[in-house]
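Undergrad: Generate a structure from the sequence data that follows.
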Amino acid sequence: MSVRRSGLQKDVLSLYRRALRMVYTKPPSVQPKFHLFVKYNFRTQAEAVSPRDVAAIEHLLRRGRRQVEAYEDSKVRDCWVSSEMLRWAEQEKGRTLRQGTAE
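TA: Numbering: from 1, shown residues only. As a prediction, this is how the structure comes out:
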């Protein structure tokens, strides 16, 4: 069964897919850092905004597009990952493992 999505939801998913495709254009040694950067930013921003706050979501989409465009540049070869991002990734890994064993 197909899920009907609003135009805004489609825009967000499109930007997320574009960001993930950008990750694979980077050198293999730094792809995990870029992947974490993309995943962390999308998840934390999604948690910070109400799904009904259209103006905030549109603002984040504009900002996200500009950021992805900047990172798509072939001159960008690395990104900075904070200790907060690394802690978040460890927590996500733990959640995923717990959910996998609960099923």
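Undergrad: So for residue 23, what's the nearest residue that isn't a sequence neighbour?
TA: Leaving aside its sequence neighbours, residue 23 sits nearest to residue 34 (C-beta to C-beta, 6 or more residues apart in numbering; 4.4 Å). No exception for glycine: its C-beta is placed from N, CA and C like everyone else's.
Undergrad: what residues are up against the one you found?
TA: 22, 23, 26, 71, 79 (C-beta atoms under 8 Å, 6 or more residues apart in numbering).
Undergrad: What sits closest to residue 11 if chain neighbours are left out?
TA: Spatial nearest neighbour of residue 11, excluding adjacent residues (C-beta to C-beta, 6+ apart): residue 61 at 5.7 Å.
Undergrad: wait, isn't that neighbour in contact with residue 10?
TA: No. With contact defined as C-beta atoms under 8 Å, residue 61 does not reach residue 10; the gap is 10.9 Å.
Undergrad: Looking at the two, which one has more neighbours?
TA: Ranked by neighbour count (other C-beta atoms under 10 Å), residue 61 and residue 10 place residue 61 first, with 15 against 10.
Undergrad: Distance of the more buried one relative to residue 8?
TA: Going from residue 61 to residue 8 by C-beta to C-beta, to the nearest Å gives 8 Å.
Undergrad: Residue 87 now?
TA: Distance from residue 87 to residue 8, counting by C-beta to C-beta: 30 Å.
Undergrad: Please identify which of those two sits among more neighbours.
TA: Each of residue 87 and residue 8 has its neighbours counted (other C-beta under 10 Å); residue 8 has more, 13 against 10.
Undergrad: quick one: pLDDT of the more buried one?
TA: Residue 8 carries a pLDDT value of 93.
Undergrad: Does anything pack onto the helix or strand encompassing it? Which helices or strands?
TA: Using DSSP states H and E, residue 8 falls within helix 7-23. In terms of contacts (3 or more C-beta pairs under 8 Å, 6 or more residues apart in numbering; DSSP states H and E), helix 7-23 is packed against helix 31-48, helix 54-72.
Undergrad: Residue 4: which of these is closest?
TA: helix 54-72 (17.3 Å; C-beta to C-beta).
Undergrad: quick one: that closest one to chain centroid distance?
TA: 11 Å (C-alpha atoms, centre = their mean, to the nearest Å).
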